[in-house]
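Engineer: Pasting the sequence and the predicted coordinates here, then a few questions.
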Amino acid sequence: MSETETRGVVIEGTGGVWQVHTANGETHDATLRGRLKQDNAPKLVVGDDVGIERADPGGAWAICEIHPRRSQLARREPGGRGGERVVVANIDQVIVVFAFVKPEPHPRMIDRFLVIAEANDVAARLVMNKCELVDEKTAREFAKPFEMAGYPVHFTSVKAAVGLSTLREGLDGRVSALSGPSGVGKSSLLNAVYPGSGLRVGDISESVNKGRHTTVGAKLLPLPGGGYVADTPGLREVGLWGIVPTEVDACFPEFKPFLGECKFQDCTHDHEPGCAVLAAVARNVVSAERHASYLKLRAELTTGTENWR
Ligand code: GDP
Ligand code: ZN
């Protein structure tokens, strides 16, 4: 690192100019050094951890180094093998936000988000908002399959100020992709957790581009307590593209202890005799709902019909 080099995170990129947010809270416009534009160099994306420098004080900033990535959310090309397009780099966790009611949550849609996180090796947690509108028993029952799978589940209410400090602990200092349908309370939650911040995040529907390969462009919002949230979640964009049907079982973490135990090595965990996953479902060790989601996602990937409901 040269004496003048500063480290930062790329929070936005528009037309060859990148906004780099530094540890001391400054944001600088920077362009990419020529040698980093070469074909063999990694393509810079939002979330990348970079070094920036300038030739003289007051001069223009340039990105001179791209540090190795901790993680990435990438859209693999349909048909497998070959390319992938990184949507956002260095995401520490996917936070899937739904509401208990208004709008009604779709567990299969929650599973889809969780599978995308698993397929990208990114940790995930579930936030169930508007918890003041349901009784505790209903809430616990809803959360159970996800907890059995090992995911942290937060019950929150902006209205009744429930679960906000725990959520803040989960967000501070990390880079989170906050995802969920419109109206569940994502923006309300961020503003309740960080009052006065004016943070707003997009919905999965806003990042749809009808299957086209154009990037909507993720953007990271710096959080007051350190860390970032991605405002365009990018998860729908990443989708399940390129995940092969035989890999779907590994995207259900609670299946993992059983995956080597089935009688047939190519077991689809659907109907086969001697299937250890089906046996775990029968013993209630694996939730029947999650298993049904698995079958549905696997079928979608086999027939190539991705369906968000
Ligand atoms: P977003 O689209 O996910 O960002 O959702 P918003 O933050 O815009 O919230 C959608 C609606 O839900 C707004 O009318 C909020 O006031 C309401 N809302 C948010 N959190 C809660 C909550 O905990 N309980 C209730 N009852 N309503 C909430
Ligand atoms: Zn099996």
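Structural biologist: Structure's in. What do you need? Ligands and ions are numbered 1, 2, ... in the order given.

Engineer: so what's Ile95 up against?
Structural biologist: Taking CB atoms under 8 Å, 6 or more residues apart in numbering, we find Ile95 in contact with Ala124, Arg125, Leu126, Val127, Gly170, Leu171, Ser176, Ala177, Leu178, Ser179. For glycine as for every other residue, the C-beta is placed from the backbone atoms N, C-alpha and C.

Engineer: For the nearest residue to Ile243 once chain neighbours are set aside, give its distance to Val238.
Structural biologist: Residue nearest to Ile243 in three dimensions, not counting chain neighbours: Ala119, with 5.2 Å by CB to CB, 6 or more residues apart in numbering. Counting by CB to CB, to the nearest Å, the gap from Ala119 to Val238 is 8 Å.

Engineer: Compare the two (neighbour count), which wins?
Structural biologist: Comparing Ala119 with Val238 by other CB atoms under 10 Å, the one with more neighbours is Val238, at 27 against 21.

Engineer: so the more buried one makes contact with Arg75?
Structural biologist: Yes. Val238 lies in contact with Arg75 (CB atoms under 8 Å); the separation is 4.9 Å.

Engineer: anything in contact with each of the two?
Structural biologist: Counting by CB under 8 Å, 6+ apart, the contacts common to Val238 and Arg75 are Val87.

Engineer: could you measure the residue lying closest to Leu190 once chain neighbours are set aside against Val9, distance?
Structural biologist: Residue nearest to Leu190 in three dimensions, not counting chain neighbours: Leu199, with 4.1 Å by CB to CB, 6+ apart. According to CB to CB, Leu199 and Val9 sit 17 Å apart.

Engineer: show me what contacts the residue nearest to Ile243?
Structural biologist: Counting by CB under 8 Å, 6+ apart, Ala119 has contacts Leu240, Ile243, Glu247, Cys251.

Engineer: Tell me who's in contact with the first one.
Structural biologist: Each residue near Leu240 by CB under 8 Å, 6+ apart is listed here: Arg112, Val115, Ile116, Ala119, Leu297, Glu300, Leu301, Glu306.

Engineer: go on, the last one?
Structural biologist: Contacts here follow CB under 8 Å, 6+ apart; on that basis Cys251 touches Leu114, Val115, Glu118, Ala119, Ile243.

Engineer: What about those, which are in helices?
Structural biologist: The helices, defined by DSSP state H, take in Leu114, Val115, Glu118, Ala119 from the contacts of Cys251.

Engineer: of all of the stretch 51-200 of the chain, which residue lies closest to ligand 2?
Structural biologist: Of all residues in the stretch 51-200 of the chain, the one sitting closest to ligand 2 is Ala149 (16.9 Å; CB to the ion).

Engineer: Now do the closest residue to Val286 other than its chain neighbours against Val158, distance only.
Structural biologist: Of all residues not flanking Val286 in the chain, Ala280 sits nearest, at 4.2 Å (CB to CB, 6+ apart). Distance, Ala280 to Val158, by CB to CB: 37 Å.

Engineer: what mean pLDDT does the helix or strand that contains Leu221 have?
Structural biologist: Assigned by DSSP states H and E, Leu221 belongs to strand 220-222. For strand 220-222, mean pLDDT rounds to 93.

Engineer: Do a quick rundown of the helices in this structure.
Structural biologist: Along the chain, counting by DSSP H, helices occupy 107-119, 136-148, 164-171, 186-193, 235-238, 276-282, 288-303.

Engineer: Return the most buried member of those.
Structural biologist: Among the helices of the chain, helix 235-238 has the highest mean neighbour count (mean count of other CB atoms under 10 Å), at a mean of 25.
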